[in-house]
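Undergrad: below are the sequence and a predicted model; questions follow.
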Amino acid sequence: MNQGHPHTPRHGALHGHHRGHGTDGQVEILDLDAEVLAEHTASITAWLPLRTAPHHIVDLGCGTGAGTFALLDRFPDAHVTAVDASAEHLQRLHTKACARGVQERVRTVQADLDEAAWPGLGSPDLVWASASMHHMVHPDRALRTVHDALAPGGLFAVVELAGHPRFLPEDAPKDLPGLEERVHAAADRLQAEHMPHRGADWGPMLAAAGFTVEGERTIAVNIEGSRSEAIGRYATGVLQRIRSAIAERLSPEDLGALDQLLDTSSPHSILRRDDLTVRTERTVWAARRTRPRTP
């Protein structure tokens, strides 16, 4: 399920991925996330050390389908089981699948992967989890469950972003330079209180669950705002979600400056800036199931 940026309503505004709390604007942010990062997602699917083209793929924490559709594009003979906690996200994914004419290749499953008993997912050749594992309360249990569900020799791809993307130059805004870094620092402190696995090295945890880690790759994302008008909307959406979670943790001056950036009618609106970039890192771990199923 893209398990949820974020995990519970306590910090239900952060980052805007993939858990079903019905928060406004979440679907739009997921769609923008998919659009803006599409090239990088495609490069990750191309890098995966697969021995043969997969036929059955499971997308754990699918959100509105960023990974699902990248995988369907990469592997035209595959079908995907898309799992998420949010009925709204799954409905959006289904609508997109119909629009693309690939609905016969997609099965949606609504499930909370923090529950002890997962739904039957078959015996997939490839499991993909993007920005979802660090939200799980019991990731070690989830990793073992994935290991035992995979077909022998199957691959598990764990993809994580290094925190929230940055958009503004360091000297912005003019009267309060460094605003975005202070906003992110407050968001990072909040997430660290609730999501201890955010930013984790998944290699040792994958090995402990019985996987053989066959590759790890970090991709730097640095996309010029001029390349896509969606970047302004993406920046606005991400920062709005962060603001709603951390407003009381900011100084009145920083909160006022942030609100000006987020006010689409303001001359200081993010949407009016021509110096935006999307800056972050994505790390992917490719882990193979090489051991027999656990008893």
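TA: Cool, the structure landed. Numbers count the residues shown, from 1 in each chain.
Undergrad: quick one: the helices in the stretch 101-250 of the chain, in order.
TA: Listed in chain order, the helices of the stretch 101-250 of the chain (DSSP state H, counting those that start in this stretch) span 139-149, 179-194, 202-208, 230-246.
Undergrad: I'd like the next helix or strand past the longest one.
TA: Read it as helix 230-246. Next helix or strand after helix 230-246 toward the C-terminus (DSSP states H and E): helix 252-262.
Undergrad: helices or strands up against that next one?
TA: helix 179-194, helix 230-246 (3 or more CB pairs under 8 Å, 6 or more residues apart in numbering; DSSP states H and E). (Each C-beta comes from the backbone N, C-alpha and C, glycine too.)
Undergrad: quick one: contacts for P49?
TA: L155, E214, G215, A286, R288 (CB atoms under 8 Å, 6 or more residues apart in numbering).
Undergrad: please convert the buried members of these into PyMOL selection syntax.
TA: Of the contacts of P49, the buried ones can be selected in PyMOL as follows, counting by 16 or more other CB atoms under 10 Å:
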select buried, resi 155+286+288
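Undergrad: so, low pLDDT: which residues of this protein?
TA: Along the chain, segments meeting pLDDT under 70 span 1-24, 192-199, 291-295.
Undergrad: most distant residue from the centre of it?
TA: No residue in the chain sits farther from the centre than D175, which is 32.8 Å out by CA atoms, centre = their mean.
Undergrad: following the helix or strand hosting V58, which helix or strand shows up next?
TA: V58 is part of strand 56-60 when elements are defined by DSSP H and E. Moving toward the C-terminus from strand 56-60, the next helix or strand (DSSP H and E) is helix 66-74.
Undergrad: and the next helix or strand past that next one?
TA: As assigned by DSSP H and E, the chain's next helix or strand after helix 66-74 is strand 79-84.
Undergrad: one step back: pick the most buried one from the helices and strands packed on helix 252-262.
TA: The highest mean neighbour count among those, using mean count of other CB atoms under 10 Å, belongs to helix 230-246: a mean of 22.
Undergrad: distance between it and the chain's centre?
TA: 15 Å (CA atoms, centre = their mean, to the nearest Å).
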